[in-house]
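[1] Structure for this input, please:
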Amino acid sequence: MLKIKNNANGGKIKVKVYGYNLEGFINSLIEDGIKFIKVRKREFNCVTLTVDERVVSQVKNRAISYNCKVEIIWRSGIGKILENYKGRISFVIGFIFFLCTIWVLNSIVWEINVVSEKYISPFEIKEILNDNNVYKGMKKGSIDLNHVEKIVRESNEGIEWVDAQLMGGKLIVRLKEREELFRPLEEREPCSIVASKDGVISRIYSAEGEIVVEPGDIVKKGDILIAAIQGKEGKEYLVHSQGRVVAKTFYERSEIVKKEQEILMRTGKKAVQLYFTLFNKKIYLINNLNKFNNYDKIIDINGPFSKITYYETKKKTEKIEDIDKYIENIYSSMEKDIDKYLYKNCKKVDVLKEYEEFDDGYKVWVVVIVEEDIATKKAFDESQLNEIMTILKEKRRIEYERWLKQNL
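    This is a model prediction of the structure:
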């Protein structure tokens, strides 16, 4: 038996050769550098061997020169597929058309679904998206989800949080509302303006109601800023407070960083899954099972096809060498995370960055200082009257003492 290792790529073909000079035929293949494997002698005038698909024509030519007959008995690879579907052109064209149709259908946004809570109309959000060139029928590849989240969040100060996702042919936008801004109050119903969050007062304006704080005052969430009372001392009356209160507020993030980081290193092993979605069902073209305990998962969406690659990882302890650069990257990441939660009416004033070293690591802080309107209305009830009158008396006493110092 003669066996030569085949390093060729592509499909393989098993042939049966008939003739009376088979040894001369095989020796001629070796002289021509034609690689073949699995040579078997079946009869005294018959031998089988497996060759690369690309050299079949050369094998046939050599067989003719030695008065041998060649018969193909088995084929693998793309050649086998072509042979199976030879003469079935309509099927091949139909299959290609089917794939193209799936690709086109999955590359377009066919529906925009807005999931809101109580007060914000989904139709209103769809109109805002349409005005910003986000509409049904556009290509999925041209949609920037971060941009979608930003324009929706900035369209209404009553939106606290936005999440945009592409799922199949749908763009789904989910909203979380700041409910306190939407609770209805009758225009004539007495109400106070209170702080929606902690802050330091910068500016305050009142169209109706008594201002009870001053620039520089530190207030807590729920503190009364503009009371539901107006008029001279002894002649007060209830009003529907209206005004604007701008305060400095603080958004903080912190993180513990160890000097020796436990990182995940890829081992080089991977598993791949390739599929497309049809009628909300996944049809797999490649489906390697993920048998790794620790892995990185990478999702790559290209038109109708989705590819998931699992890379096996193992834990490794590594000391951080350039700690300043590493901490600067953490600063940047935390600041970007804070920016996602800033409302449209927020004005960034300053960013404070600091870190503290301890035995085996560092504690990193980022504080973003912004100016924003923290005024929110709160319906008046009788239980607030004593509190409001006490605040007013204290305010008037301070104003009187200030007047005395200036005029005496």
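
[2] What ranges does the stretch 101-250 of the chain have for its helices?
    122-131, 145-155 (DSSP state H, counting those that start in this stretch).

[3] Rebuild those as TSV, extending it with mean pLDDT.
    What follows is the helices of the stretch 101-250 of the chain, written out as TSV (pLDDT from 0 to 100):
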stretch	mean pLDDT
helix 122-131	85
helix 145-155	83
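
[4] Could you list the buried residues of the strand or helix carrying Arg62?
    Taking DSSP states H and E as the criterion, Arg62 maps to helix 56-65. By neighbour count with 16 or more other CB atoms under 10 Å, helix 56-65 contains the buried residues 56, 59, 62-63. (Each C-beta comes from the backbone N, C-alpha and C, glycine too.)

[5] Can you give me the domain boundaries for this structure?
    12-83, 111-180, 191-259+320-408, 260-319 (automatic domain parsing).

[6] Indicate which one of these is closest to Phe95.
    domain 12-83 (11.1 Å; CB to CB).

[7] for Tyr20, what are its contacts?
    45, 67 (CB atoms under 8 Å, 6 or more residues apart in numbering).

[8] and with 6 Å instead?
    Asn45 (CB atoms under 6 Å, 6 or more residues apart in numbering).

[9] What of Cys68?
    17, 19, 25 are the contacts of Cys68 under CB under 6 Å, 6+ apart.

[10] which strands and helices sit next to the longest strand anywhere in the chain?
    Identified as the longest strand of the chain according to DSSP state E is strand 260-278. Here strand 260-278 touches strand 281-287, strand 305-319, going by 3 or more CB pairs under 6 Å, 6 or more residues apart in numbering; DSSP states H and E.

[11] can you do 10 Å?
    helix 89-106, strand 281-287, strand 295-302, strand 305-319 (3 or more CB pairs under 10 Å, 6 or more residues apart in numbering; DSSP states H and E).

[12] Which of the ones you listed comes out lowest on mean pLDDT?
    Per-stretch mean pLDDT for the helices and strands packed on strand 260-278 is lowest at helix 89-106 (a mean of 79).

[13] and that one, which residues are buried?
    Neighbour counts over helix 89-106 (16+ other CB under 10 Å) mark 102, 106 as buried.

[14] do the same with stretch 322-338
    So, applying 16+ other CB under 10 Å, buried residues of stretch 322-338: 327, 330-331, 334-335, 338.

[15] Closest to Glu371 out of the buried residues of helix 56-65?
    Glu371 lies nearest to Val56 out of those, by CB to CB, at 78.3 Å.

[16] show me what contacts the closest one?
    Contacts for Val56 (CB atoms under 10 Å, 6 or more residues apart in numbering) come out as 11, 13, 15, 34, 70, 72, 75, 79.

[17] Most neighbours of all the residues you listed, which one?
    When neighbours are counted by other CB atoms under 10 Å, Ile13 leads the contacts of Val56 with 22 neighbours.

[18] What is the burial count for Tyr400?
    9.

[19] The one helix or strand it maps to - what's its average pLDDT?
    Applying DSSP H and E as the criterion places Tyr400 in helix 385-407. Averaged over helix 385-407, pLDDT sits at 74.

[20] Same check on stretch 161-174?
    The average pLDDT within stretch 161-174 is 84.

[21] what distance separates the start and the end of it?
    8 Å (CA to CA, to the nearest Å).

[22] Determine how far it lies from the middle of the whole chain.
    10 Å (CA atoms, centre = their mean, to the nearest Å).

[23] how about Arg203, what does it touch?
    Taking CB under 10 Å, 6+ apart as the test, what Arg203 contacts is 215, 244-247, 371, 373.

[24] Which among the residues you listed count as buried?
    244-247, 371, 373.

[25] and these as TSV, adding pLDDT?
    Formatted as TSV, those follow (pLDDT from 0 to 100):
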residue	pLDDT
Arg244	89
Val245	90
Val246	91
Ala247	92
Glu371	91
Asp373	88
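
[26] circling back to that earlier point, and the domains of the chain as JSON lines, adding distance to Phe95?
    JSON lines is the format used below for the domains of the chain (distance: least, CB to CB, whole Å):
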{"stretch": "domain 12-83", "distance to Phe95": "11"}
{"stretch": "domain 111-180", "distance to Phe95": "22"}
{"stretch": "domain 191-259+320-408", "distance to Phe95": "45"}
{"stretch": "domain 260-319", "distance to Phe95": "13"}
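
[27] coming back round to it: of the contacts of Arg203, which belong to strands?
    244-247, 371, 373.

[28] Need the max-distance pair from the residues you listed.
    Most distant of the ones in strands among the contacts of Arg203, by CB to CB, are Arg244 and Glu371, 11.7 Å apart.

[29] Quick check: neighbours shared by the two?
    203, 345.

[30] Of the ones in strands among the contacts of Arg203, which is the nearest to Gly158?
    Ranked by distance to Gly158 (CB to CB), those are led by Asp373 at 12.1 Å.

[31] what sits opposite that closest one in the beta ladder?
    With DSSP bridges as the criterion, Asp373 is bridged to Val246.

[32] Look up how far Leu285 lies from it.
    Using CB to CB, to the nearest Å, we find Asp373 at a distance of 54 Å from Leu285.

[33] what's the pLDDT at Ile81?
    58.

[34] Please renumber the chain so that the first residue is 23 from this point on.
    Let's use 23 as the start, then, which means that last one is Ile103.

[35] Distance of Arg196 relative to Tyr259?
    44 Å.

[36] Enumerate every residue touching Gln295.
    304, 306-312, 321, 328-332.

[37] same thing with Ser129?
    161-164, 191, 323-326.

[38] ranking the residues you listed by neighbours, who comes first?
    Pro326 leads the contacts of Ser129 on contacts (other CB under 10 Å) with 19 neighbours.

[39] Am I right that that residue is in contact with Leu127?
    Yes. Between Pro326 and Leu127 there is a contact under CB atoms under 10 Å: 7.1 Å.
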